[in-house]
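Need a 3D model of the following:
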Amino acid sequence: MKRLSVITLTLGTLLSMASISYGAPFIITDAVDATTVTSCSATVDNVEKATTLPAAGVGKVYCAVDMGTGVTAGTHTVVVKYHNVWGSTSSGPFTFAKTLPATPSNIRLSVDLTP
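So this is what the prediction gives:
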């Protein structure tokens, strides 16, 4: 019985590690001067996404874009805008392609239950 518990625990750990690799992606921009930037915003395929403006060292910040779940395979257009205190913005659109990993094949699990 103890051996079965160890096998179950090991299998559960492996499955949970695989699910971590499919976490929601983030886009991180280059650091910019914190004295001129007050916020940032982003759209992915014309859909507004949540952003944060964390510190990136002394006097620098960067824009972190939470892509959320459900980013499909294919090409996506991202526009990130930095905003200053006067309401002016600067943006830099770019595209990225998400490819799905290959489906594993020939996976076998054998369990030896002999005492």
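
Using PDB, write down the CA coordinates of stretch 98-112.
Output of stretch 98-112 as PDB, limited to C-alpha atoms (Å, rounded to 0.1, in the frame of the first residue of the first chain):
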ATOM      1  CA  LYS A  98       2.500  31.500 -30.200                       C
ATOM      2  CA  THR A  99       3.100  27.900 -31.200                       C
ATOM      3  CA  LEU A 100       1.800  25.000 -29.300                       C
ATOM      4  CA  PRO A 101       4.200  22.300 -28.200                       C
ATOM      5  CA  ALA A 102       4.100  19.000 -30.000                       C
ATOM      6  CA  THR A 103       1.800  16.400 -28.500                       C
ATOM      7  CA  PRO A 104       3.800  13.700 -26.700                       C
ATOM      8  CA  SER A 105       3.600  10.200 -28.100                       C
ATOM      9  CA  ASN A 106       4.500   6.800 -26.900                       C
ATOM     10  CA  ILE A 107       4.100   7.600 -23.200                       C
ATOM     11  CA  ARG A 108       3.600   4.600 -21.100                       C
ATOM     12  CA  LEU A 109       3.100   4.300 -17.400                       C
ATOM     13  CA  SER A 110       3.700   0.900 -15.700                       C
ATOM     14  CA  VAL A 111       3.000   0.200 -12.100                       C
ATOM     15  CA  ASP A 112       4.500  -2.700 -10.100                       C
END
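
Quick one: distance of that stretch to the chain centre.
In this view, stretch 98-112 has its centroid 23 Å away from the chain centroid, taken as Cα atoms, centre = their mean, to the nearest Å.

Same check on stretch 73-90?
For stretch 73-90, the separation from the chain centroid amounts to 18 Å (computed by Cα atoms, centre = their mean).

got it, and stretch 48-64?
Centroid separation for stretch 48-64 versus its chain: 15 Å, with Cα atoms, centre = their mean.

After the biggest strand by length in the chain, which helix or strand is next? Please name it.
The residue-count maximum for a strand in the chain (DSSP state E) belongs to strand 74-83. Going down the chain from strand 74-83, the next helix or strand is strand 89-91, by DSSP states H and E.
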